[in-house]
Each structure stands twice: as C-alpha cells, then as structure tokens.
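Participant: Got a predicted structure here, sequence first:
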Amino acid sequence: MKIKVIKTEEEYNKALKRLEAIFDALPDTPEGDEAELLGILIDKYEDEHYPIDSPDPIEAIKFRMEQMNMDNKDLAEIIGYKSRVSEIFSRKRKLNLEMIRRLHERMKIPYESLLKEY
C-alpha cells in the first residue's frame, strides 16, 4: 500500500483494513514500519474527524472511583461529608477548589477534567 495522508472516509476505511491485515507484523520490517505509519495516520484522522470530549467532572470522578474500587464512603473521606458526595453526584452542589485539589492529589484525576463546566 502506498502511504499517504488520510483525507477521506474511504481512505480511512482502506487504511483500517490494511492495518488489520498487517497488525502482527514484526518491528523493523517493511510491514512493521507500514503498520506503525498507518497507526499514526489513522490516529491523526480520528482526532480530527471523531474527537472525543473529556467527561464532565462527575462522570470523571465516578469512572476513577470504579477503577480504584472506591465507594461513596471512600470519596467522602476525600471531599468531606457523605452528604456532600450525594449533593455533588445529584448535581445540587458544585465542586469547590479544595475538593478539586484533593481529588487531583488523591485520585490523580486531571485538573482539566475536574474544572470543566457541568
């Protein structure tokens, strides 16, 4: 396959099919190099045409809690009272700056996700 910048949906689909065919190619081989280049081009096309918004802060917290096998009681130890957790999850209360700092430090949730408007 001739490698070139992916500009159309048709080229994107062809690139996906080709990558699937050579996915298990060994590194430092012609097919391995082709697979690496296709991966980069496909990723660039997807970033431009299929952007994924970051989740709102509440969804980011819930996702991270699931990853860390945490429950609401564990979260309450980070942000304050158990009732605060309930208020935040029901979107009756916004996260304050101190909560955002603690969530970032203890749960490693990026500030960008926690500061997003919701």
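Facilitator: Arrived safely. Numbers count the residues shown, from 1 in each chain.
Participant: Could you identify the longest helix within the chain?
Facilitator: Longest helix in the chain, counting residues (DSSP state H): helix 30-49.
Participant: Quick one: list the elements packing against that helix.
Facilitator: Counting contacts by 3 or more Cβ pairs under 8 Å, 6 or more residues apart in numbering; DSSP states H and E, helix 30-49 is packed against helix 9-22. To be clear about C-beta, it is placed using only N, CA and C from the backbone, and glycine gets the same treatment.
Participant: relative orientation of the helix it packs on and helix 30-49 in degrees?
Facilitator: Computed by axes from the mean of the first three to the mean of the last three Cα atoms, to 10 degrees, the angle separating helix 9-22 from helix 30-49 equals 140 degrees.
Participant: Please point out which parts of stretch 101-117 sit buried.
Facilitator: By neighbour count with 16 or more other Cβ atoms under 10 Å, stretch 101-117 contains the buried residues 103-104, 107, 109, 113-114, 116.
Participant: circling back to that earlier point, where does the longest helix of the chain sit relative to the chain's centre, distance-wise?
Facilitator: Relative to its parent chain, helix 30-49 has a centroid offset of 19 Å by Cα atoms, centre = their mean, to the nearest Å.
Participant: Contacts for it, please.
Facilitator: Helix 30-49 is contacted by residues 1, 3, 5-6, 9, 12, 15-16, 18-19, 22-23, 25-27 when judged by Cβ atoms under 8 Å, 6 or more residues apart in numbering.
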